[in-house]
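>>> would you be able to build a 3D model of this:
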Amino acid sequence: MKELCEGCECEKIEQMIRHTVWSSGRNKIIIGLSGGIDSALAAVLCTRAVGAENVLGYMLPSAVTPKEDIDDVKALCEKFGIRLAIVPITGLIGEFSKIEGFTEDNYLLGNVMARLRMTILYYYANQNQGLVCGTSNKSEYLLGYSTKHGDDAGDIEPLMHLYKTEVRILSAFTGVIQPIIDKTPSAGLYSGQSDEKEIGFTYAVIDEALRNLEANNWKPQNDTESAILEKVKKAAHKRNAPPNLLKDGGMNGGCRI
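Numbering: from 1, shown residues only. Okay, the predicted model is just below:
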């Protein structure tokens, strides 16, 4: 495995963030902060790239959000000078539960929460002439461990090329607070939820398998790699554009404009 150069990697990401913001004509970055390591690192890299005064953090807690997550987000924002707004979504979830045919189910409600949060972030992005910063990493992206049009959305994805284990390395390098680095990875969609329990493997095992699969042209060498590859295949629909018959931007033949 090629050793990660922390300083070089951060500079590369920060340059991408600056270029994206400047070329967009916007002047603010909006980011949802969950208390987890991915959003924390993304926020810190944004402050390094465009200045803390141009990064607006929003924490959108639900009834199952642990108090320590809220405390950690406050501490992170205080350390890096990020302006933070805490906007609870419990009431919105309550209203959604009134729709016809609503079922009380962790999986269904978790996806609703992820999409509600992204809707709110885009509202604040529109309000502040900003861009929404996504927080997906490469491990989650390849496995499809995200919600379509929810936490997989964003105008810029500074961590998409980084495995989860690399996110941890850069988080330590950039000064993300230790309680966030040490925290068990969780999407926070229901009480007691753990990423690694849901996936069935630790991120260390996942990342090693993904690296080996990429190096071997996606041909598994053991049972673990076969299991990880199956998850990657099943998640293809999340990585690909929706199937459609549109050709050449819709300008090829037919009606002339």
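
>>> ranges for the helices of the stretch 1-150 of the chain?
Under the criterion DSSP state H, counting those that start in this stretch, helices of the stretch 1-150 of the chain are mapped to 6-24, 37-50, 67-80, 90-96, 106-127, 138-143.

>>> in stretch 118-135, what counts as buried?
Met118, Ile120, Leu121, Tyr122, Tyr124, Ala125, Gly130, Leu131, Val132, Cys133, Gly134, Thr135 (16 or more other C-beta atoms under 10 Å). Bear in mind the C-beta positions are built from the backbone N, C-alpha and C, glycine included.

>>> just give me the closest of these to Ser24.
For those, the minimum distance to Ser24 (C-beta to C-beta) is 5.9 Å, reached by Leu131.

>>> for Asn111, what are its contacts?
Asn111 makes contacts with Thr147, Gly150, as judged by C-beta atoms under 8 Å, 6 or more residues apart in numbering.

>>> all strands for the stretch 151-257 of the chain, in order.
Assigned by DSSP state E, counting those that start in this stretch, the stretch 151-257 of the chain shows no strands.

>>> low-scoring pLDDT stretches of it, where are they?
Within the stretch 151-257 of the chain, the stretches with pLDDT under 70 are 187-193, 248-257.

>>> in it, which spans are helices?
With DSSP H, counting those that start in this stretch, the ranges of helices along the stretch 151-257 of the chain come out as 164-174, 178-182, 195-199, 203-215, 223-234, 236-239.

>>> with just CA atoms, put the third one into PDB.
Below are the C-alpha coordinates for helix 195-199, written out as PDB (Å, rounded to 0.1, in the frame of the first residue of the first chain):
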ATOM      1  CA  ASP A 195     -21.700   1.100  10.600                       C
ATOM      2  CA  GLU A 196     -19.400  -1.900  11.000                       C
ATOM      3  CA  LYS A 197     -22.200  -4.000  12.600                       C
ATOM      4  CA  GLU A 198     -24.500  -3.300   9.700                       C
ATOM      5  CA  ILE A 199     -21.900  -3.900   7.100                       C
END
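
>>> residues near Ile206, how many?
For Ile206, the neighbour count with other C-beta atoms under 10 Å is 26.

>>> ah, wrong one, I meant Asp223
The local packing of Asp223 (other C-beta under 10 Å) involves 8 other residues.

>>> from Gly144, how far off is it?
Per C-beta to C-beta, to the nearest Å, Asp223 is found 20 Å from Gly144.

>>> again with Ile156
20 Å.

>>> just the pLDDT at the spatially closest residue to Asp69 that is not a sequence neighbour, thanks.
Spatial nearest neighbour of Asp69, excluding adjacent residues (C-beta to C-beta, 6 or more residues apart in numbering): Gly35 at 2.9 Å. For Gly35, the model assigns a pLDDT of 96.
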